[in-house]
Every structure is written in C-alpha cells, then in structure tokens.
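> sequence first, predicted coordinates after that:
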Amino acid sequence: MRVLQLIDSLETGGAERVAVNLANALSKNMAFSAICATRKEGLLKKEIKPEVKFLFLAKTKTIDVKAVKKLNSFIKSNQIEIIHAHSSSFFLASIIKLFNSKIKIVWHDHYGNAEFLEHRNFKVLKVFSRLFSHIFTVNTTLETWVKANLKHKNVSYLPNFATLNKTIKVTQLAGESGMRIVCLANFRAQKDHVTLINAFKEVVEKHKSWTLHCVGKSFNDNYYSHIKSEIEKLKLEQNVFLYEQKSDVYNILTQCEIGVLSSKSEGLPIAILEYGIAGLAVVATNVGEIGDVILNHSNGVLVNSNSVNALAQAMLLYIENEALRLNHAKLFSKHIEAHYSEASQTKAIIKTYKQLLG
C-alpha cells in the first residue's frame, strides 16, 4: 500500500499530531508512507521519521493551481493509492480525486467542538463527502453526527494514539521540582484556560509553592490577552507560566506531577494520552471521549466543565494526597498503554485501507 497523510500544517495541534503519528507508524507496515503539509510547516516537522516522504505545498488560497499541480505530480510519481485527509484538507483531496479517479480518500474528522455540533457549518463538506471512501472520527459523538448528517455508509470511530520523542531536552520549567502542574493545550477559548487559572488561584491560597505551566500555541488574540490579564489581576505572575508551543513535550511533562485539561469541548485530546505516557496523575473536564479514558476516581479525576471550584478541589486532592496521586498516575499510564497504543490503532487503520483497495 502507498498512502499519503494530508494536513494543513505541522504546528502542534491535535489533528497535526495524529497525522504525523500515523505517517510514522505506517512507515513500518507498508511500502510507502508520506505526509503533506498544505499551508504551513511547524515544529512537528522535526518529528517526521526519515523513512517518511515529506511534501510542503505552501498553499496560499482555497484554490491554488500551483499547489494542486505540485500535489498531483507527487501523487502520480509516487503511485499514491490512498489520501488520508485530516480535517479541512478534504477539500484539496477531493480536487485531486477529480484528476485521479482511482484514488481513495479517507477523511479523518477531528472536529474539536463536538459539544456544539448544532453550530457546525457542513454544506461544503456534505457535497465533497460523496467522494470519500471511508470516514474516521475521533469520538463516538462525531461518528453519530456524520452518519446522521452526511449519510455516509462507511464511518468508524478511531481512537487517537500518542507517541512522544523522549530524546529532545530543551525546556527547563520555572518553579520547584515536585510541585508543578501542566496544561498542554493551544490557547483557544475552547480549552478554557481562564477557568483553570481561577481554579489555580484557590490552589495557591493553600499551597504557595505549587506552579502551573500552560504550554501551547498562542494566536496573540483577545483570548490570549485575556489569559495574561487574568494572571495579573489574580496576582499569579510567580505561580502561573505561559510557554509557546514546544518540541520537547516529553521532557516538559516529566518535570511535572499533575496534568490538567479544563476544556469546554473535546474529541479525544492527544494531551490526555501524552500525560499517560509521561506518567502523570490527570485531572480533566468530562467532555468528549475523556470519560472513556479517565475512569473517574479509579485512575484520574473528572470534573464538570466551567467549574472553578470543582477543578480546584480536584487539583488539591492530588496535591494533598501523594499516595493517591502516584497510584492513579501508575494506573492511568497502564491504561493508556493497554488501550490507546500505536500498535492497536495502526492495525485497525491498515485493515480499513486493505478493504478499500480490495
């Protein structure tokens, strides 16, 4: 099999990580694995294995003739059989299929606002979905939505998996060792850092030495400005630290004790899986598929979204109960390894590919 992963950028978002992880994993199991970034490169480019063929299009507009020609030439010269298109890249994949009728398109739906699907604009998607041979969704809510709204026959839920580069060590976090909490999430309103920061204020009132480290891509917008002003308003400048997207995620996570996510809406966030790989105790909001990964009070703590007090109490529970924290961290790590591994998901994907190619 010869497969191309198609993604808009290689910045450190969830869909981007999935695309790179798949390209790398599949390179071990098939004749040819490639990945194409259509609009932007990014930090994740460093994570692409040497055996994975990489293409960058530098696409600048919705219909970019130069980019289409470049991708079409790459597909023909490398005899690509399947384009695995992630998120909005389905549009370019569909254009390519008009020139290559035998190409199979697999679309991967990573839609992050699964809690607010009633607001999703899908008119263009519905038209092009007729060209898709199969659709993967990152959670069961999306699977149900796709079946109901796109009326597609071949749809399946594919849990995300995560891998981390353990060799890169660049970042040294502020704060005291053994007293750090990390939030690995791009600075978008959906991730609700504001609730997290207000909850952490309650933590600091009881435990002044603990620090919170928020790592992700900022967009230098009003939301990011609001986060910074909230930190200043609550006088948390010595306890809450903001970092741009980083390439040494594993190194960062292993400097922390607790991983937290305060999202209003999610699919199956890669960050949760990465917390498990790094052996952290986990606190997260009960949205999307998170409740299927964190077995509440068995291997982690779930709280309702947009609840400052509940989030604060969950963090305090782990801070004040080290034995519980270490036990849950160990159990969660084992759960991730057993159910969200690269091997199990790669096997499912290859099975689907083979069915499409007959």
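Structure's in. What do you need?
> okay, CA-based contacts and neighbour counts for the rest of this
Fine.
> how about the strands in this structure?
Taking DSSP state E as the criterion, the chain carries its strands at 2-7, 32-37, 53-56, 82-86, 104-109, 132-137, 155-157, 180-184, 211-215, 240-243, 258-261, 281-285, 301-303.
> domains of this structure?
Listed by automatic domain parsing, the domain ranges of the chain are 2-161+341-357, 180-339.
> residue ranges with poor pLDDT in the stretch 1-150 of the chain?
For the stretch 1-150 of the chain, no stretch has pLDDT under 70.
> can you map out the helices along it?
Ranges of helices within the stretch 1-150 of the chain are 14-26, 65-77, 90-99, 123-128, 140-149, based on DSSP state H, counting those that start in this stretch.
> tell me which of those is the most buried.
helix 14-26 (a mean of 23; mean count of other C-alpha atoms under 10 Å).
> and residue 311, how far from residue 264?
For residue 311, the distance to residue 264 equals 13 Å [C-alpha to C-alpha, to the nearest Å].
> who has more neighbours, the two?
Per other C-alpha atoms under 10 Å, whichever of residue 311 and residue 264 has more neighbours is residue 311, with 30 against 23.
> hang on, that one packs against residue 196?
Yes. Using C-alpha atoms under 8 Å, residue 311 is in contact with residue 196, at 7.2 Å.
> touching both of the two, which residues are there?
Common contact partners of residue 311 and residue 196 (C-alpha atoms under 8 Å, 6 or more residues apart in numbering): residue 262.
> neighbours around residue 172, how many?
The number of residues packed near residue 172 is 9, by other C-alpha under 10 Å.
> er, residue 355 I mean
8.
> with residue 220 instead?
Neighbour number of residue 220 under other C-alpha under 10 Å is 9.
> sorry, back to before: could I get the strands of the chain as a markdown table with distance to residue 270?
Output for these, formatted as a markdown table (distance: least, C-alpha to C-alpha, whole Å):
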| stretch | distance to residue 270 |
| --- | --- |
| strand 2-7 | 16 |
| strand 32-37 | 19 |
| strand 53-56 | 22 |
| strand 82-86 | 15 |
| strand 104-109 | 14 |
| strand 132-137 | 14 |
| strand 155-157 | 15 |
| strand 180-184 | 9 |
| strand 211-215 | 14 |
| strand 240-243 | 18 |
| strand 258-261 | 11 |
| strand 281-285 | 13 |
| strand 301-303 | 17 |
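> columns mean neighbour count and distance to residue 44 on top of those, output as a markdown table?
A markdown table is the format used below for the strands of the chain (neighbours: other C-alpha atoms under 10 Å; distance: least, C-alpha to C-alpha, whole Å):
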| stretch | mean neighbour count | distance to residue 44 |
| --- | --- | --- |
| strand 2-7 | 24 | 12 |
| strand 32-37 | 24 | 11 |
| strand 53-56 | 17 | 12 |
| strand 82-86 | 25 | 15 |
| strand 104-109 | 25 | 19 |
| strand 132-137 | 22 | 22 |
| strand 155-157 | 19 | 25 |
| strand 180-184 | 25 | 15 |
| strand 211-215 | 24 | 15 |
| strand 240-243 | 18 | 16 |
| strand 258-261 | 27 | 21 |
| strand 281-285 | 26 | 24 |
| strand 301-303 | 22 | 30 |
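> for these, which one sits closest to residue 315?
strand 281-285 (6.9 Å; C-alpha to C-alpha).
> strands paired with that closest one, and their directions?
Its sheet considered, strand 281-285 pairs with strand 258-261 (parallel), strand 301-303 (parallel) by DSSP bridges.
> mean confidence score for that strand?
On average, the pLDDT along strand 281-285 is 98.
> do the same with stretch 324-343
92.
> just the CA coordinates for it, please, in PDB.
The C-alpha trace of stretch 324-343 is given here as PDB (Å, rounded to 0.1, in the frame of the first residue of the first chain):
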ATOM      1  CA  LEU A 324      -3.300   8.600  45.700                       C
ATOM      2  CA  ARG A 325      -1.600  10.700  43.100                       C
ATOM      3  CA  LEU A 326       1.200   8.300  42.500                       C
ATOM      4  CA  ASN A 327      -1.200   5.300  42.400                       C
ATOM      5  CA  HIS A 328      -3.600   6.900  39.900                       C
ATOM      6  CA  ALA A 329      -0.600   8.000  37.700                       C
ATOM      7  CA  LYS A 330       0.600   4.400  37.600                       C
ATOM      8  CA  LEU A 331      -2.900   3.000  36.800                       C
ATOM      9  CA  PHE A 332      -3.500   5.700  34.100                       C
ATOM     10  CA  SER A 333      -0.200   5.000  32.400                       C
ATOM     11  CA  LYS A 334      -1.000   1.300  32.200                       C
ATOM     12  CA  HIS A 335      -4.500   2.000  30.900                       C
ATOM     13  CA  ILE A 336      -3.100   4.200  28.100                       C
ATOM     14  CA  GLU A 337      -0.500   1.600  27.100                       C
ATOM     15  CA  ALA A 338      -3.100  -1.200  27.000                       C
ATOM     16  CA  HIS A 339      -5.900   0.600  25.100                       C
ATOM     17  CA  TYR A 340      -4.500   3.500  23.200                       C
ATOM     18  CA  SER A 341      -1.300   2.100  21.800                       C
ATOM     19  CA  GLU A 342       0.200   2.800  18.300                       C
ATOM     20  CA  ALA A 343       0.100  -1.000  17.500                       C
END
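> looking at the protein, which helix is longest?
helix 322-339 (DSSP state H).
> related to what we said a few turns ago, nearest to residue 116, out of the helices of the stretch 1-150 of the chain?
Here helix 140-149 is closest among these (C-alpha to C-alpha), at 10.6 Å.
> can I get that closest one as PDB, trimmed to CA atoms?
Only the C-alpha atoms of helix 140-149 are listed here, as PDB (Å, rounded to 0.1, in the frame of the first residue of the first chain):
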ATOM      1  CA  THR A 140     -18.400   8.500  19.000                       C
ATOM      2  CA  THR A 141     -20.400  11.800  19.100                       C
ATOM      3  CA  LEU A 142     -18.800  12.700  15.800                       C
ATOM      4  CA  GLU A 143     -19.500   9.200  14.500                       C
ATOM      5  CA  THR A 144     -23.200   9.600  15.200                       C
ATOM      6  CA  TRP A 145     -23.200  13.100  13.700                       C
ATOM      7  CA  VAL A 146     -21.500  12.000  10.500                       C
ATOM      8  CA  LYS A 147     -23.900   9.100  10.000                       C
ATOM      9  CA  ALA A 148     -26.900  11.300  10.500                       C
ATOM     10  CA  ASN A 149     -25.800  14.400   8.600                       C
END
